[in-house]
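In: Have a look at this fold, sequence not included:
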């Protein structure tokens with residue numbers, strides 16, 4: 001005798017349908033729990049017809065959604081389920097889960113899917129994981145293809161084939177692709193935008209934490225999750241994991257960690273919906289073992305599992321069997337051993353199928369619904385088991401309650417619903433509306449908690465110095481990533497890119513690196529410093545560091561930077577920062593104030609390493625051959641620690657005030673994205689003509 005917490009009618013239905021099936025030990029089932037309120041019908045059978053199987057399958061999901069809504073709204077009359085959390089939808093095959101979740105989303109029913117390692121297998125999580133792999137490893141062609149086909153880019157299969165044909169490697173083709181007959185115009189525009197964004201992300205990976213980089217990438221691509229399902233919650237969960245990991249590991253380490261979790265089949269559940277305390281549970285029958293729910297829908301009874309017959313098989317009873325091919329006719333035929341093995345396998349599968357259906361039906365405490373779809377009289381899998389046990393054909397629409405007799409002679413009632421079309425919307429329940437209105441009137445609105453600690457975990461010295469000069473320019477250029485307009489050069493260098501390349505070449509020469517084809521102007525400018533008093537002191541120094549990279553923590557912020565030159569000579573420690581700005585001697589003294597914070601941070605880094613304060617810090621403007629010393633004596637307001645605190649506070653409050661002054665004329669956002677009114681009589685780059 002088996003004791004269960006189900007209502008007696010449910011147990012009689014179990015005995016009638018599978019109680020004497022193969023693999024089930026015949027025994028009488030007894031309701032262990034006493035239910036104070038009787039229910040007229042505790043078991044129902046739903047079949048959805050349709051002109052084609054696909055339409056019938058979709059409508060089955062809608063009918064299950066409707067019946068769930070009816071159970072919730074009629075809780076006072078039926079008493080089966082008072083909330084969505086009291087309902088479970090059990091399926092044998094995970095392939096059918098989307099048909100029910102889509103229907104739940106249409107009906108506004110909250111749900112949560114339990115299916116093994118669903119989180120790491122969720123589409124949106126795989127998309128973000130592959131995006132991080134692409135940013136971390138430019139040669140990961142598999143992840144790149146996955147990203148290009150995902151909603152991040154939405155490139156077509158034809159576009160991927162064209163990239164493959166251009167250079168044999170998708171990454172190489174993406175780097176140097178151009179318009180042509182191989183790529184459709186729409187695909188070319190998508191790929192071009194993504195290529196430029198990918199370059200920017202790979203540059204920024206060294207400047208910002210990878211969780212913020214991932215969030216920015218989602219915004220840049222306009223990533224979409226269709227419907228109100230767990231998609232966005234999965235994204236939030238993955239971003240939270242990245243945020244937690246970014247403070248203790250690199251992007252490469254995080255990608256490797258997620259890869260190990262995926263390979264090890266870690267059973268990580270999907271993120272619950274926002275109202276996770278009241279959601280329908282959708283799961284496989286295997287996952288439901290040991291669980292019980294007030295209302296259970298065993299759905300998609302027609303859907304089985306694939307059991308392909310192997311070519312070669314072994315059984316301890318029959319030995320080794322094989323399927324042979326006749327070389328003359330090409331036809332295949334199993335030998336007697338394989339035939340016996342297949343019969344044995346079919347018997348075991350039938351027994352396991354009955355046991356699994358038995359488990360599924362006994363998960364219900366107060367209400368059990370069995371549903372399937374089809375377009376004819378022939379039923380398959382569990383649907384065939386149920387209809388044959390009940391001696392029902394179910395080939396025409398109906399909605400009736402029938403009385404059946406269990407094997408022990410006890411009667412039980414079954415509601416039979418055969419639907420030929422999709423259901424209408426569930427009418428609102430007046431009583432439920434009144435309850436809902438009372439609840440709405442009693443809602444107390446609370447202010448959201450104040451966010452804290454919402455600032456970067458790392459930054460560059462250049463970015464901090466830019467903030468000290470003007471928080472608004474930092475916000476536009478470093479925080480939001482806008483480029484602004486390039487500043488013209490006085491010496492014919494023209495675009496900012498050319499000026500930047502020239503400055504890089506000069507710095508390389510001063511660091512002792514000799515290019516294969518040196519630029520005459522760059523060589524002459526580097527020679528200016530070498531012949532200066534500071535240059536000659538550096539030659540005599542007992543210790544010299546050029547292009548010195550460092551990391552240090554200031555107020556919890558990890559700062560990275562590179563010092564052009566620092567040396568020890570005559571008992572003094574000296575820092576030098578080269579500048580190739582197009583300025584004259586007078587302008588150089590005015591410009592020096594813009595770089596004061598940068599030099600003070602450099603001095604702090606050297607002091608921490610050598611455990612002695614820096615004696616002098618110089619800005620060396622090479623064009624006018626002007627050496628300007630920066631005062632390292634700190635006040636309360638311009639200390640490096642205070643600047644970092646101000647930066648963190650600005651990021652937390654998202655307040656980046658405008659600081660106007662002569663530097664506005666050199667700002668790439670002046671009179672464009674920046675509302676500065678400094679020098680209204682002047683143009684963006686000098687006096688108006």
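Out: Structure received. Computed from a predicted structure; not experimentally measured.
In: ranges for the strands of the stretch 101-250 of the chain?
Out: Using DSSP state E, counting those that start in this stretch, the strands of the stretch 101-250 of the chain run over 111-114.
In: where does it dip in pLDDT?
Out: Low-confidence segments of the stretch 101-250 of the chain (pLDDT under 70): 115-118, 165-183, 225-230.
In: mind listing the helices in the stretch 451-600 of the chain by residue range?
Out: For the stretch 451-600 of the chain, applying DSSP state H, counting those that start in this stretch gives helices covering 461-469, 471-474, 496-510, 520-530, 533-540, 585-591, 596-610.
In: tell me which residues of the fourth one are tucked away?
Out: Spelled out, it's helix 520-530. By 16 or more other C-beta atoms under 10 Å, the buried positions in helix 520-530 come out as 522, 525, 526, 528, 529. C-beta coordinates here come from the backbone N, C-alpha and C atoms, glycine included.
In: now the third one
Out: When neighbours are counted by 16+ other C-beta under 10 Å, the buried residues of helix 496-510 are found to be 496, 499, 502, 503, 505, 506, 507, 508, 509, 510.
In: Look up how far residue 391 lies from residue 402.
Out: Computed as C-beta to C-beta, to the nearest Å, the residue 402 to residue 391 distance reads 11 Å.
In: Neighbour count: these two, which is higher?
Out: Comparing residue 402 with residue 391 by neighbour count (other C-beta atoms under 10 Å), the higher total belongs to residue 402, at 14 against 7.
In: Pretty sure that one sits in a helix.
Out: No: applying DSSP: H, G, I helix; E, B strand; the rest coil, one finds residue 402 to be strand, outside a helix.
In: Next up, phi/psi of the closest residue in space to residue 200 that isn't next to it in sequence, please.
Out: Residue nearest to residue 200 in three dimensions, not counting chain neighbours: residue 481, with 7.0 Å by C-beta to C-beta, 6 or more residues apart in numbering. Reported as degrees, to the nearest 10, the phi and psi values for residue 481 are phi 80, psi 20.
In: Now do stretch 549-560, average pLDDT.
Out: Mean pLDDT, computed over stretch 549-560, is 90.
In: Excluding its own residues, what touches it? List them.
Out: Where contact means C-beta atoms under 8 Å, 6 or more residues apart in numbering, the residues beyond stretch 549-560 that reach it are 206, 455-461, 464, 561-563, 601, 604-605, 608-609, 640-641, 644-645, 647-648.
In: For that stretch, measure first residue to last.
Out: 7 Å (C-alpha to C-alpha, to the nearest Å).
In: Stretch 82-93 now?
Out: 28 Å.
In: Just give me how far stretch 310-329 sits from the chain centre.
Out: Relative to its parent chain, stretch 310-329 has a centroid offset of 47 Å by C-alpha atoms, centre = their mean, to the nearest Å.
In: Residue 107 and residue 69 touch, don't they?
Out: Yes: shown here, residue 107 and residue 69 form a contact pair, counting by C-beta atoms under 8 Å, at 6.4 Å.
In: higher neighbour count, those two?
Out: The residue with more neighbours, out of residue 107 and residue 69, is residue 69; 21 against 17, by other C-beta under 10 Å.
In: helix or strand for the more buried one, which one?
Out: Assigned by DSSP states H and E, residue 69 falls within helix 53-73.
In: try residue 412
Out: strand 411-419.
In: Same check on residue 17?
Out: Residue 17 belongs to helix 8-18 when assigned by DSSP H and E.
In: So which bits of the longest helix seen in the chain are buried?
Out: In terms of residue count, the longest helix belonging to the chain (DSSP state H) is helix 336-361. By neighbour count on 16+ other C-beta under 10 Å, the buried set for helix 336-361 is 337-338, 340-342, 353-361.
In: One more: stretch 146-164?
Out: For stretch 146-164, burial by neighbour count (16+ other C-beta under 10 Å) applies to 146-150, 152-155, 159-160, 162-163.
In: Redo these as CSV? Include distance to residue 574.
Out: Below are the buried residues of stretch 146-164 laid out as CSV (distance: C-beta to C-beta, whole Å):
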residue, distance to residue 574
146, 52
147, 49
148, 52
149, 56
150, 53
152, 49
153, 51
154, 56
155, 54
159, 56
160, 56
162, 57
163, 53
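In: Let's see which of those end up in helices.
Out: Judged by DSSP H, helices contain the following of these: 146, 147, 148, 149, 159, 160, 162, 163.
In: nearest to residue 575, of those residues?
Out: Nearest to residue 575, judged by C-beta to C-beta, of these is residue 147 at 43.5 Å.
In: for that closest one, what are its contacts?
Out: Residue 147 is in contact with 127, 130, 131, 134, 153, 194, counting by C-beta under 8 Å, 6+ apart.
In: want to try a markdown table for those residues, with distance to residue 514 as columns?
Out: A markdown table is the format used below for the contacts of residue 147 (distance: C-beta to C-beta, whole Å):
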| residue | distance to residue 514 |
| --- | --- |
| 127 | 46 |
| 130 | 42 |
| 131 | 40 |
| 134 | 36 |
| 153 | 43 |
| 194 | 38 |
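In: hang on, the earlier thing: list the helices and strands the helix holding residue 17 packs on?
Out: The helices and strands touching helix 8-18, judged by 3 or more C-beta pairs under 8 Å, 6 or more residues apart in numbering; DSSP states H and E, are strand 29-31, strand 43-48, helix 336-361, strand 364-373, helix 381-390, strand 398-405, strand 411-419.
In: could these be laid out in JSON lines, adding mean pLDDT and distance to residue 74?
Out: What follows is the helices and strands packed on helix 8-18, written out as JSON lines (pLDDT from 0 to 100; distance: least, C-beta to C-beta, whole Å):
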{"stretch": "strand 29-31", "mean pLDDT": "75", "distance to residue 74": "23"}
{"stretch": "strand 43-48", "mean pLDDT": "93", "distance to residue 74": "13"}
{"stretch": "helix 336-361", "mean pLDDT": "84", "distance to residue 74": "22"}
{"stretch": "strand 364-373", "mean pLDDT": "92", "distance to residue 74": "11"}
{"stretch": "helix 381-390", "mean pLDDT": "89", "distance to residue 74": "25"}
{"stretch": "strand 398-405", "mean pLDDT": "92", "distance to residue 74": "15"}
{"stretch": "strand 411-419", "mean pLDDT": "92", "distance to residue 74": "13"}
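In: Identify whichever of the ones you listed lies nearest to residue 15.
Out: Shortest distance between residue 15 and those, using C-beta to C-beta, is found for strand 29-31: 5.9 Å.
In: quick revisit: can you tell me which of the contacts of stretch 549-560 are classed as buried?
Out: For the contacts of stretch 549-560, buried by 16+ other C-beta under 10 Å: 455-461, 464, 561, 563, 601, 604-605, 640, 644, 647-648.
In: what pLDDT, on average, does the helix holding residue 69 get?
Out: Per-residue pLDDT values over helix 53-73 give a mean of 87.
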